[in-house]
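Colleague: Take this sequence and fold it.
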Amino acid sequence: MLNLLRKDFIVLKSSLWTIGLYLVVFSLAFIPKSEMSMYFVGIYTAFGSVMLATMIDIKNHNHNFLVTLPVSRKQIVKAKYLSAIIYTLFGVLASFGIHQLVNLNYPELNKPNYSLRDIVIAVGMVLALVSIYMPLFYGLSKKGAGIINAIFMVCMIILAQPVAYLMNMANENGIITTTTMALVSVGIIGLFLLSYLITIRLFARKDL
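Modeller: Numbering: from 1, shown residues only. As a prediction, this is how the structure comes out:
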């Protein structure tokens, strides 16, 4: 399992500059203009990293090679889900760190004081997206990976402002409470596990 995780990061090593570019571009695009910029930068960077990793797998035919090794397809899927969690944490925490620095150095931007709650919400959103994305990726693989990525990016761009508006409304009305967050977190974890099980079944049946 550890070697499978290492494989993902070794393969991604030559494209790390792309993830750094995501952080820079999204930060410049959202920080000056949106109160929800911590979410946008973190979610877009994290999910962009997940899509980058899956596309590299397709480009290099990694799955065709991995299935010839003495590892099960279940382990291959598990490693991909674990790496997705790592990308998620990196993207969200990097965004949080950038916003902390912005608050210190550019107080005139009047950015909110983001907290642990904001980190948890952003992580939950990315994991929910990953839960939908992974079964589609493993189900369609190279035949539809590019289309899936394009659809997800378009949907994220279109839905960004409506979701931000709903979150602001929920926050102002006191809907986002500790109890609500706990229930939603349990739901997202359940969705993530269900997605993992579905993806295993899809990948196990796939002819490579």
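
Colleague: Could you use CA atoms for every contact and neighbour count after this?
Modeller: Noted.

Colleague: tell me the secondary structure for the residue lying farthest from the centre of the chain?
Modeller: For the chain, the largest distance from the centre (C-alpha atoms, centre = their mean) belongs to residue 108, which lies 30.1 Å off. Here residue 108 is recorded as helix under DSSP: H, G, I helix; E, B strand; the rest coil.

Colleague: Which strands and helices lie in contact with the host helix or strand of residue 85?
Modeller: In this structure, residue 85 sits in helix 73-105 according to DSSP states H and E. Judged by 3 or more C-alpha pairs under 8 Å, 6 or more residues apart in numbering; DSSP states H and E, helix 73-105 is in contact with helix 2-12, helix 37-59, helix 116-140, helix 178-205.

Colleague: thinking residue 176 is in contact with residue 169, fair?
Modeller: No - using C-alpha atoms under 8 Å, residue 176 is not in contact with residue 169, being 9.7 Å away.

Colleague: separation between residue 138 and residue 198?
Modeller: Between residue 138 and residue 198 the distance is 10 Å, computed by C-alpha to C-alpha, to the nearest Å.

Colleague: In terms of neighbours, single out the busier of those two.
Modeller: Higher neighbour count among residue 138 and residue 198: residue 138, with 21 against 18, using other C-alpha atoms under 10 Å.

Colleague: my guess is that one contacts residue 202, does it?
Modeller: Yes - counting by C-alpha under 8 Å, residue 202 is a contact partner of residue 138 at 6.6 Å.

Colleague: Report the central residue of this protein.
Modeller: Short answer for the chain (C-alpha atoms, centre = their mean): residue 47, at 3.1 Å.

Colleague: who are the neighbours in contact with it?
Modeller: Listed by C-alpha atoms under 8 Å, 6 or more residues apart in numbering, the contact set of residue 47 reads 87-88, 126, 129-130.

Colleague: Among the residues you listed, find me the one that's closest to residue 33.
Modeller: residue 126 (21.7 Å; C-alpha to C-alpha).

Colleague: Per-residue confidence, the nearest residue to that closest one once chain neighbours are set aside, what does it come out as?
Modeller: Of all residues not flanking residue 126 in the chain, residue 43 sits nearest, at 5.8 Å (C-alpha to C-alpha, 6 or more residues apart in numbering). Note on residue 43: pLDDT of 94.

Colleague: For residue 30, list the residues it contacts.
Modeller: Residues in contact with residue 30 (C-alpha under 8 Å, 6+ apart) are 37, 40-41.

Colleague: Low-confidence regions, this structure specifically.
Modeller: 1-12, 60-70, 141-144, 172-174, 206-208 (pLDDT under 70).
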